[in-house]
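> just need the structure, nothing else, for what follows:
(2 chains)
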Amino acid sequence: MYDGTKIIPGILLFMIVLSFPVWYDRLNGSAVIPDPEVKTESKYCVMPKEYMRSNHMVLLDEWRDSVIRDGDRSKVFAGIIKYDKSLSNSCMKCHNNKKNFCDRCHERLSVNPTCWDCHNLPEEAAHAN
Amino acid sequence: MQINRKEFLKKAGIAGASLIAGGVLYSLFKGDDIITAVVESSAQTKWAMLIDVKKCAGKPDCSACMTACHKGHNVPAIDDIRREIKWIWKADFGNVFPEHTSEYMDVAVRSQKVIVACNQCDNPPCVRVCPVGATWKRADGIVMMDHHRCIGCRYCMAACPYGSRSFNWKDPRKILSGNDIRVEYPVRTKGVVEKCNFCAERIDVGEMPLCVEACSEGAILFGNVADPESDIRRALAGKYVLRRKAELGTNPEIYYLV
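The predicted model follows:
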């Protein structure tokens, strides 16, 4: 083989770089599955946990369109509680810590929703940040 | 199973055609849930405002309505007139009603302050020019803004003959200090246009607009002009009232008693 001294280390180096995700993961332990913190006294959410995990953004979009476009500010019933269709005034009353709730999943999934560019965090969290 | 070329082409053709037909039917029945059309007034409700300029002039230093509105809607105070954001403000009579001002009018009269805000036009030019449907007229006459959709092109600002719209040149959070932000109402973001919304968020739950509530002189009367029995209709019935630049055909819904 011509230039074997260059080709073989080259191939080896290439394989090491190629397998980076595999050995990096092994060395650092497997990735942590996010565990969003729910700190609330209320036992009732507007939808089951499984639905909210995968579809909360759809629900929020529907709320937004019905409130702003249609002017429909009717309440949403969840168990015995009535909620406004509002991110700041309903969702974040219970899930009041954006860092430990929203961001944990969003960061892992590398999604950057722009909700909080305008919508405010509940007071305690707003002061903490 | 043996299949010859002719059979294969036939079957593949039928399968392909039914797939396309299915797709077309699906998209036809699925419909489009994005609302872009301007909702025409059903004339059940039409909100309007009557501002009593005389009552207002009795207290020249008062700014209760403006403070209440700007605080309630997280409107930042910016001194630079090219960058300022206004929902409700005071302007000289001569500038608000140039067509009702003559050159011999007393300076004191001409410079008397008049409260102005978005006129919630019945025929809003801003709505006609918005390329993305971010501003539109509700069935009850309120010209709404959907800041989620605004792309900041400022066509509406060019179209508005009253200068009622303001553009966010900066992130308003940087101007409003943390404790001044009213959590319940969102702030805007850099690059969107905003204006008075007749307190749609309060009207929808049966409350009066903030400026009306804040006025201690009762200078602002708010009500449903589609209802002949309403207070505002009774007030409008026997009075000579002005509207800003009514000759343009925008049909403003803010009336002025002078």
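> now residue B:182. Nearest residue, chain neighbours left out?
Take residue B:182 and drop its neighbours on the chain: the residue closest to it by Cβ to Cβ, 6 or more residues apart in numbering or on different chains is residue B:74, 5.7 Å away. Heads up, the C-betas are built off the backbone N, CA and C, glycines and all.
> do the same with residue B:55
Across the structure, with Cβ to Cβ, 6+ apart as the measure, the residue nearest residue B:55 apart from its sequence neighbours is residue B:219 (3.9 Å).
> correct me, but the one you found touches residue B:49?
No: if you go by Cβ atoms under 8 Å, residue B:219 and residue B:49 don't touch, sitting 10.5 Å apart.
> quick one: average pLDDT of the helix of greatest length in chain B?
When chain B is parsed with DSSP state H, its longest helix is helix B:5-30. Model confidence over helix B:5-30 averages 85 on the pLDDT scale.
> which helix or strand lies directly C-terminal to that helix?
The helix or strand immediately downstream of helix B:5-30 is strand B:47-52, counting by DSSP states H and E.
> which residues of chain A fall in helices?
Ranges of helices in chain A, per DSSP H, are A:4-18, A:20-28, A:49-64, A:92-94, A:102-109, A:115-118, A:123-128.
> and what of chain B?
So, for chain B - with DSSP H - the helices run B:5-30, B:53-57, B:64-72, B:93-96, B:107-110, B:125-129, B:155-159, B:200-203, B:210-214, B:231-237.
> can you redo the ones you listed as a markdown table with mean neighbour count?
Written out in a markdown table, the entries for these read as follows (neighbours: other Cβ atoms under 10 Å in any protein chain shown):
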| stretch | mean neighbour count |
| --- | --- |
| helix B:5-30 | 10 |
| helix B:53-57 | 17 |
| helix B:64-72 | 20 |
| helix B:93-96 | 18 |
| helix B:107-110 | 12 |
| helix B:125-129 | 18 |
| helix B:155-159 | 17 |
| helix B:200-203 | 20 |
| helix B:210-214 | 21 |
| helix B:231-237 | 14 |
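> can I get the ones you listed in JSON lines with distance to residue B:246?
JSON lines is the format used below for those (distance: least, Cβ to Cβ, whole Å):
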{"stretch": "helix B:5-30", "distance to residue B:246": "44"}
{"stretch": "helix B:53-57", "distance to residue B:246": "16"}
{"stretch": "helix B:64-72", "distance to residue B:246": "23"}
{"stretch": "helix B:93-96", "distance to residue B:246": "12"}
{"stretch": "helix B:107-110", "distance to residue B:246": "20"}
{"stretch": "helix B:125-129", "distance to residue B:246": "14"}
{"stretch": "helix B:155-159", "distance to residue B:246": "17"}
{"stretch": "helix B:200-203", "distance to residue B:246": "24"}
{"stretch": "helix B:210-214", "distance to residue B:246": "22"}
{"stretch": "helix B:231-237", "distance to residue B:246": "14"}
